[in-house]
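Colleague: Here is a sequence together with a model predicted from it:
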Amino acid sequence: MENRSVMHPDWPAARILRTMLLIRRLEERVDALFAAGELRGTSHLSAGQEATAVGACAALRADDYVTSNHRGHGHFLAKGGEARRIMAELFGKATGYSQGKGGTQHMADFSIGFLGMNGITGGMLPIAAGAAFSARYRGSGQVALAFFGDGASNQGTFHEALNLAAIWRLPAVFLCENNCYAMSSPACHMVSGARIADRAAGYGLPGVTVDGNDVAAVYAAVAEAAARARAGDGPTLIEALTYRILGHSRGDLRVYRTREEEAEWAARDPIARFTAAAQAADILSPDDIAASEAAVATEVAAAEAFARASPFLAS
Amino acid sequence: MRTTTATQLVYYADAIREALALEMRRDPAVVLFGEDIALYGGAFGVTRGLLDEFGPERVVNTPISEGGFTGLAIGAALTGLRPVVEYMFMDFIALAADQIVNHAAKFREIYGEQARVPIVFRAAGGAGRSYGATHSQMLEGWFMHVPGMKVVAPSTAEDARGLLISAIRDDDPVLVVEHKDLYKVRMPLSAEARPIPFGAARVLREGDAATVISYSKAVHTAALAAAQLAQDDIHVEVIDVRSLKPLDTATIAASVRKTGKALIVTEAMGVAGPAAELAYQVMAGAFEYLEAPIVRLTARETAIPFAPPLEAAAVPGVEEVARAVRALVG
């Protein structure tokens, strides 16, 4: 049974489920708010990729560093970010993580090791390597994990960061969420080579491909990579195969992919798979699942109410 | 604290090395990154010997990956270190521009006070050594344009040491523009190292005929021209702004209010360059005192050529400055 493997004791099945559900429901609500014209700008939603964010963060220490990208709401929530402060930021309010100055792709909370989302594709990879350098220099035992997408694997920063982390054996984990598309461009057209994980070999690093919609598989791969990093054995490149359920951003008509393909991936939905496996393993009951759904619905509604009630920063 | 006031003549490069060594002794969070900076000591020998004292963990040779090691240093700065990054030639900073502009400079702006980026970017700029088009530019204007950046450009050994000390202690990203043609120039250096605050210009020569405003190596060009003009009883005031951002607009305005005329001399390009900003500040601070249009002398609109006479002609020279002053005061 794929999800039966024991994950971190701090992350029992109920927490795994609740965090994945929180990401899904928050993203769905944000999508609806954009559709209704209530939010401005753009957003890049991570619905469908919850297992990658949660599996990875569950495998990290609370003080480990994470860098994110433009599609980072899920990473942030998985690392411990508060839904209400994320929602407030999306509404541009003073109570948001960046006081309304950042928006959807520019939020951070250093107190939980979340070094930030950023709108430059691939820009945070060397920064994660630097956090890893700093952690080793200070002897803190921390690990730095960089989330990035298949698109970022074609940036120079990806290659430079992997080389730097490899030559200095930095305590870093590079986690590529291959969600099949860089905006509208399929990875199979834009990424040379069979697998992004294969690129690790070019830097003498282990490259691992995992089912990114299997939270336990992601957890296991990141736990092993983090342990390796912490032991001083250097970085690992992990490619997690997943799928972006919603479009790239607001206004994406998804003309570049078929409804059949979307249905295939819907059958591999990470949350449904986790709940099915957890029930089969008798670690979650239907009542637990209903309770999680109810708690998450309340939290997302409260987050939105908090955001709406908050003021803008004085300009 | 030493009380001696003895001053010795040292190379500009040695003054920079002294600042690095002093700050590294003072603060274990200071770490150097750059290409060939360890055993080799950097292309211009600025970091020579630092490896022996501080070891390879703190004097870190990087691969030729300007974007990568700049981002890495920014990540280290975000998480407790105070990196000093060397760009062997300022031209190479173009490869790191995304990390500086979209990351280092923006983090505090968007993530708030939790995201201070105490990092120094040292770049060897300027022409005069026949290194050609991709090894000779002055690109400080690009970075003055970015909110969140501080930019300084010392012309003397004393300023190079003092401004670098301030830059290392600063909690925000600072670009320090060093001039490669000054590294091997001996200049006076006081015995006691002190930080020199940003935003404080230096009046190196007083006069009343016109104000010549400059920075970096062009200050020496301006000073030589001023000395030549003095023989003809034309006494210009020469200001080394030292710090381009923040800029000491008060000293500039006070001088131009006195002289009524302003000439700006830079080795950077003219269009949308530092001289344009300096000219605006002269206008804003001394408009009603101006007796003539502000004049700027900048690099010619060209890639810096290789051949020594062509290269010399591409940037403002002593004769050109003197002619411009004569025309201005004429």
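Modeller: Perfect, thanks for sending it. Numbering: from 1, shown residues only, chains lettered A, B, ... in the order given.
Colleague: And the residue of chain B closest to chain A?
Modeller: As assessed by CB to the nearest CB, chain A sits closest to residue B:75 within chain B, at 2.2 Å. Backbone N, C-alpha and C define where each C-beta goes, glycine included.
Colleague: can you pull the contacts of that residue?
Modeller: Residue B:75 is in contact with A:67, A:115, A:126, A:127, A:128, A:129, A:130, A:131, A:132, A:133, A:134, A:144, counting by CB atoms under 8 Å, 6 or more residues apart in numbering or on different chains.
Colleague: does residue A:289 count as helix, strand or coil?
Modeller: helix (DSSP: H, G, I helix; E, B strand; the rest coil).
Colleague: Please verify my assumption that it contacts residue A:276.
Modeller: No - Residue A:289 is not in contact with residue A:276 according to CB atoms under 8 Å; the separation is 10.2 Å.
Colleague: out of those two, which sits in the busier spot?
Modeller: A count of neighbours by other CB atoms under 10 Å in any protein chain shown puts residue A:289 above the other of residue A:289 and residue A:276, at 20 against 15.
Colleague: Report how many residues lie close to the closest residue to chain B within the stretch 51-200 of chain A.
Modeller: Per CB to the nearest CB, the residue of the stretch 51-200 of chain A with the smallest distance to chain B is residue A:130, at 2.2 Å. Neighbourhood size, residue A:130 [other CB under 10 Å]: 37.
Colleague: separation between residue A:193 and residue A:187?
Modeller: Per CB to CB, to the nearest Å, residue A:193 is found 10 Å from residue A:187.
Colleague: same thing with residue A:179?
Modeller: From residue A:179 to residue A:187 the distance is 8 Å (CB to CB).
Colleague: Report the set of residues contacting both of these two.
Modeller: In contact with both residue A:179 and residue A:187: residue A:150, using CB under 8 Å, 6+ apart.
Colleague: Those two: which has the busier surroundings?
Modeller: residue A:179 (24 against 20).
Colleague: Cross-check the contact I'm expecting between the more buried one and residue A:245.
Modeller: No - with contact defined as CB under 8 Å, residue A:179 does not count as touching residue A:245 (9.3 Å).
Colleague: Give the residues shared as contacts by the two.
Modeller: With CB under 8 Å, 6+ apart as the test, residue A:179 and residue A:245 both reach residue A:48.
Colleague: Identify the residues contacting residue B:119.
Modeller: Residue B:119 neighbours (CB under 8 Å, 6+ apart): B:73, B:74, B:77, B:82, B:83, B:84, B:85, B:104, B:173, B:174.
Colleague: Around the second one, how many other residues sit close by?
Modeller: If I follow you right, that is residue B:74. 29.
Colleague: just checking, it is part of a helix?
Modeller: Yes - applying three-state DSSP, one finds residue B:74 inside a helix.
Colleague: I'd assumed residue B:101 was in contact with it.
Modeller: No - under the criterion of CB under 8 Å, residue B:74 makes no contact with residue B:101, lying 11.3 Å away.
Colleague: quick one, phi/psi of residue B:267?
Modeller: phi -90, psi -10 (degrees, to the nearest 10).
Colleague: and residue A:237, what are its bridge partners?
Modeller: The partner list for residue A:237 in beta bridges (DSSP bridges) reads residue A:174, residue A:207.
Colleague: could you say which helix or strand contains residue A:75?
Modeller: helix A:73-79 (DSSP states H and E).
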